[in-house]
Structure formats: C-alpha cells, structure tokens
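Asks: 3D, please:
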Amino acid sequence: MKKFLYFLLSLVIVGLIAVNAFFYYENTFMKSYMPTNNEIKNTKKPVEFKNTTPKKNNSASNEAKNIKPEEKKANLLFTGDVFLNGYILNSYYNQDTQSYSFDEQIFKSVYEISYSDAAFFKFDSVLAGDEFGVSSYEKYNAPSEFAKFMKNIGFKNVILSSQHIFDKKKDGLITTIENFKKNNINIFGTNTNKDEAKSKVLEINGLRIGIATFSREFKTVYLDAYSDYKDYISTLDKTVIKNEIEYLKSLNCDVIIAYVNWGVEHTTKPNYQQLEYAKELIKNGVNIIIGSHPHAIHPVEKLKVEDDNHVVHEGVVFYSLGNFFCDQLVILPYNRFGLVANINIKKVEDNVTIKYNIIPTFIYRTKRTNSSYYDYYILNANEIINRNDIRKSYINYAKKLIEQIKAWEQQIN
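Replies: Residues are numbered from 1 along each chain as shown. Okay, here's the model as predicted:
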C-alpha cells in the first residue's frame with residue numbers, strides 16, 4: 001500500500017513538471033509571434049497597392065506647352081490722293097508713240113510700297129482715257145496706262161470712293177473698274193451693281209481684314225434719270241455705316257478699316273462732320289479710319305468711344321493723308337505733302353495688336369533741261385531738310401510735320 005502511494009505521488013510530481021514545462025515552452029513560442037506594445041508602436045503600416053495602370057506619357061503635352069502659338073502678320077500701306085493733272089499729263093506723254101509712259105523712278109524713295117502685303121492708293125479720278133479722252137481739272141480722266149504703272153510699282157488695291165469717279169458718268173465708272181481689274185488691282189469703294197456688297201474682306205496671311213468705304217454726299221453729281229450715285233458708293237450716313245460694319249462683323253474680320261472721303265479741301269484740321277462721323281464709325285466697331293479729300297494733311301489721333309450699351313470702343317483716326325501724287329497749282333506748301341500710313345497687324349491666338357509707322361512724303365518736281373516739262377519724284381520728307389534746291393517754305397513745313405508725326409506715333413502706339 002505504501003509503495004502504491006509513492007508511485008501515485010511520483011506520477012503527480014511528473015505531471016506537474018510536464019504541465020509546467022508545457023506552459024513555459026508555449027509562452028516562449030508565442031512570444032516569438034506576438035510583439036510587445038513597444039514593438040507594435042514601431043511597426044510600419046501595411047503597404048498600399050498602387051494603381052498598376054501605366055502612367056500617361058506627358059512629354060508630348062509638355063512639348064506642346066513649349067511650342068509658341070502661331071503668329072499671323074500683315075503689313076498694309078495706305079496713301080493719300082492720287083490724280084493726274086495738267087503738268088503731269090503733259091510731262092509723261094510721248095509724242096512719238098502718242099501714249100503715256102510713267103517712269104518707275106517716281107516712287108523710288110518710297111520703297112516700302114513694294115515690300116508690303118497690301119498697298120492701297122486713293123484714285124481721285126476716272127481711268128478711261130482711251131474711251132473718253134484724257135482730261136484734267138475739273139473733269140478728271142487719266143490714261144489707261146496708269147493702272148499698269150501703279151501695279152508694277154506694287155499697288156495691289158485702289159480706293160475709288162470720291163466724287164471724281166463720276167466725272168464721266170456711269171460709263172466712266174464702269175470703264176475705270178474694268179481697266180483696274182485688267183491689271184489685277186482690287187477695287188474698293190464702288191461697284192457697278194447696287195445689290196452687290198460694297199464692303200469687302202481681304203485675307204492676308206490668315207488674317208481677315210475688312211475694308212469699308214464711305215464718302216460725304218455730293219451736291220454736284222448727277223448721273224441720269226435712272227441712276228443715283230448712292231447706288232454705287234456708300235455715303236456717310238448712320239444707318240449705312242451700321243449696316244456695312246455689321247456685314248463685315250458677320251464675316252469674322254480680325255480688323256475693320258474704314259476709308260472715308262470727307263472734309264473740306266485745302267484745310268489742315270478736321271471739321272465737325274469728320275469728328276462726329278469718326279466717333280460713329282468707331283462706336284460701330286471700326287478699328288482704323290483712313291481719311292482723304294482735303295488735299296492736305298490733318299492730325300492723327302486715338303479715340304475712345306462709348307456705345308449705347310456703355311461698352312468702350314477704341315480706334316485710330318487719320319483724318320486726312322493729304323496728297324500722294326499730283327501737281328496742284330497752289331501757293332500753300334501743304335498741298336505737296338502727304339502721309340503714308342504703314343500699319344502692322346499681328347494676331348496671336350485671339351489677341352490682335354496693331355502698330356503704326358507714319359511716313360511723311362513730299363511731291364518733288366524738277367524742270368527738265370531745255371524743256372517746259374518736269375520730272376516728278378515722291379520723296380520721304382525727311383530727305384528734303386538739308387537740300388538747297390527746295391523752297392524754304394517747304395523745308396520749314398517738313399520740319400514741323402516730322403515733329404508732329406513723332407507726337408502722333410507716340411499717342412497711337
């Protein structure tokens with residue numbers, strides 16, 4: 001019995017030892033898998049799975065951002081009045097061939113004409129000499145050869161909106177248009193069909209330039225019982241202005257230019273009508289106004305005009321460019337001077353900018369040796385300052401004009 005109790009006690013002791021050993025090893029084993037509180041604090045967060053879709057290659061878009069937007073540019077030149085009167089017609093008539101021959105050296109100093117994208121001249125005459133005979137003051141009619149001469153110089157565009165386009169009635173108007181078109185010169189300011197649009201769009205290097213022309217009303221022009229001169233030109237009238245400009249706007253023009261025949265002859269300042277219609281034109285959306293007819297230079301200025309909806313419009317006005325090529329028998333010096341409006345238009349995306357350079361010109365004539373005829377040259381007025389073969393009154397006017405131009409350019413640019 002005593003042995004059995006020892007045996008039983010031994011089993012209990014061994015069992016206790018075994019249980020103790022089990023818990024010891026279990027605790028050790030679990031410790032290797034269960035971090036302490038301190039270990040938990042220092043454990044990194046689980047790795048997040050990123051989108052495995054390949055990244056978009058932005059190099060093309062980055063290159064596109066570095067590419068400069070396309071620039072569209074156009075250079076336009078506008079001159080003052082051109083008409084051929086007595087001395088010029090006599091001087092360039094060839095008795096042997098019984099035709100007119102104009103020397104290209106006449107315009108050698110105004111070289112900018114041939115380099116421009118579009119050069120315009122205002123022709124204050126009829127061009128139908130072959131049909132109706134060449135004539136001078138008061139009913140002007142130039143020889144048809146003059147169109148080819150002007151094209152060879154570099155003029156691609158002609159403005160015909162003046163009272164003198166009707167000097168040979170409707171037939172003279174039609175013939176003038178035909179003669180210029182034969183020489184591939186674009187016609188602005190008139191047409192032979194009253195239902196045809198008088199305003200036109202000229203597209204240059206991707207730029208759309210709208211050209212509208214207007215003229216003051218004429219008291220002395222009469223065609224016939226069936227025709228009215230207003231059928232062939234646009235007059236300075238508020239309704240006409242609005243309609244013509246709205247028409248050009250509908251054609252998505254980048255710039256709108258109005259060439260206007262207005263003012264009083266041989267004056268040096270704009271009158272009330274010019275000032276009021278300049279505001280009207282700009283208010284309706286005209287960006288640049290080119291004036292002619294006074295045969296003398298008028299000031300240049302930038303105008304800001306508020307429309308009926310309180311929107312402010314801005315435009316530049318050349319009230320009169322004076323004379324470019326003619327020979328008026330006048331004592332006052334300013335009839336021999338003119339301005340060339342050199343206009344540079346640039347468009348980048350939807351932003352249009354306009355810069356102006358004003359060139360003063362002088363009509364120089366010199367008598368031929370042993371002859372009663374003359375040679376004519378259109379000079380840059382800057383060239384005559386130091387010459388001794390030009391009247392003092394012309395030189396003094398040129399000096400004053402050059403200073404005025406500096407002030408005008410500063411204001412409008």
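
Asks: strands of the stretch 151-300 of the chain, start to end?
Replies: Per DSSP state E, counting those that start in this stretch, the stretch 151-300 of the chain carries strands over the ranges 157-159, 186-188, 200-204, 207-215, 255-261, 288-292, 300-306.

Asks: who does the third one pair up with?
Replies: This means strand 200-204. Applying DSSP bridges, strand 200-204 is found paired with strand 207-215 (antiparallel).

Asks: before we move on, back to that, would you format the strands of the stretch 151-300 of the chain as TSV with mean neighbour count and distance to Gly322 included?
Replies: Heads up, the C-betas are built off the backbone N, CA and C, glycines and all. What follows is the strands of the stretch 151-300 of the chain, written out as TSV (neighbours: other Cβ atoms under 10 Å; distance: least, Cβ to Cβ, whole Å):
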stretch	mean neighbour count	distance to Gly322
strand 157-159	24	15
strand 186-188	19	19
strand 200-204	17	24
strand 207-215	24	17
strand 255-261	26	14
strand 288-292	26	8
strand 300-306	15	11
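
Asks: how about those strands in CSV, adding distance to Phe325 and mean pLDDT?
Replies: What follows is these, written out as CSV (distance: least, Cβ to Cβ, whole Å; pLDDT from 0 to 100):
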stretch, distance to Phe325, mean pLDDT
strand 157-159, 13, 97
strand 186-188, 18, 95
strand 200-204, 23, 96
strand 207-215, 20, 96
strand 255-261, 17, 97
strand 288-292, 13, 97
strand 300-306, 21, 96
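
Asks: now these in TSV, with distance to Glu104?
Replies: Below are these laid out as TSV (distance: least, Cβ to Cβ, whole Å):
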stretch	distance to Glu104
strand 157-159	18
strand 186-188	21
strand 200-204	24
strand 207-215	26
strand 255-261	25
strand 288-292	24
strand 300-306	29
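
Asks: Leu223: which of those strands is closest?
Replies: Taking Cβ to Cβ, strand 207-215 is the member of these nearest to Leu223, at 14.8 Å.

Asks: from the chain's centre, how far out does that closest one sit?
Replies: The chain centre lies 10 Å from the centre of strand 207-215; the measure is Cα atoms, centre = their mean, to the nearest Å.

Asks: put the alpha carbons of it into CSV.
Replies: C-alpha atoms of strand 207-215 as CSV (Å, rounded to 0.1, in the frame of the first residue of the first chain):
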residue,chain,number,x,y,z
LEU,A,207,-5.7,87.5,-91.2
ARG,A,208,-9.2,88.7,-92.3
ILE,A,209,-9.1,92.5,-93.0
GLY,A,210,-12.5,94.1,-93.5
ILE,A,211,-12.4,97.2,-95.8
ALA,A,212,-15.4,99.6,-95.7
THR,A,213,-15.5,102.8,-97.7
PHE,A,214,-17.7,105.9,-97.2
SER,A,215,-18.0,109.3,-98.8
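
Asks: ok but Glu314 is inside a strand, no?
Replies: Yes: looking at Glu314 with DSSP: H, G, I helix; E, B strand; the rest coil, it is inside a strand.

Asks: how near is it to Glu301?
Replies: Remark: distance between Glu314 and Glu301 (Cβ to Cβ, to the nearest Å) = 11 Å.

Asks: what's around Asn351, how many residues?
Replies: Using other Cβ atoms under 10 Å, Asn351 has 8 neighbouring residues.

Asks: could you export stretch 383-399 as PDB, CA atoms only?
Replies: The C-alpha coordinates for stretch 383-399 follow below in PDB (Å, rounded to 0.1, in the frame of the first residue of the first chain):
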ATOM      1  CA  GLU A 383      15.200 113.700 -97.200                       C
ATOM      2  CA  ILE A 384      14.500 117.400 -98.100                       C
ATOM      3  CA  ILE A 385      15.600 119.000 -94.800                       C
ATOM      4  CA  ASN A 386      19.100 119.700 -95.900                       C
ATOM      5  CA  ARG A 387      18.600 120.300 -99.600                       C
ATOM      6  CA  ASN A 388      19.200 123.700-101.300                       C
ATOM      7  CA  ASP A 389      17.000 123.100-104.300                       C
ATOM      8  CA  ILE A 390      13.700 123.200-102.400                       C
ATOM      9  CA  ARG A 391      11.800 126.200-101.200                       C
ATOM     10  CA  LYS A 392      12.400 127.300 -97.700                       C
ATOM     11  CA  SER A 393       8.600 127.200 -97.000                       C
ATOM     12  CA  TYR A 394       8.600 123.500 -97.900                       C
ATOM     13  CA  ILE A 395      11.500 122.700 -95.700                       C
ATOM     14  CA  ASN A 396      10.000 124.600 -92.700                       C
ATOM     15  CA  TYR A 397       6.700 122.700 -93.200                       C
ATOM     16  CA  ALA A 398       8.600 119.400 -93.400                       C
ATOM     17  CA  LYS A 399      10.400 120.100 -90.100                       C
END
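
Asks: report the buried residues of that stretch.
Replies: Glu383, Ile384, Ile390, Tyr394, Ile395, Tyr397, Ala398 (16 or more other Cβ atoms under 10 Å).

Asks: quick one, phi/psi of the spatially closest residue to the third one that is not a sequence neighbour?
Replies: Closest residue to Ile390 in three dimensions, ignoring its sequence neighbours and counting by Cβ to Cβ, 6 or more residues apart in numbering: Ile384, at 5.1 Å. Phi and psi for Ile384, reported as degrees, to the nearest 10, are phi -100, psi -10.
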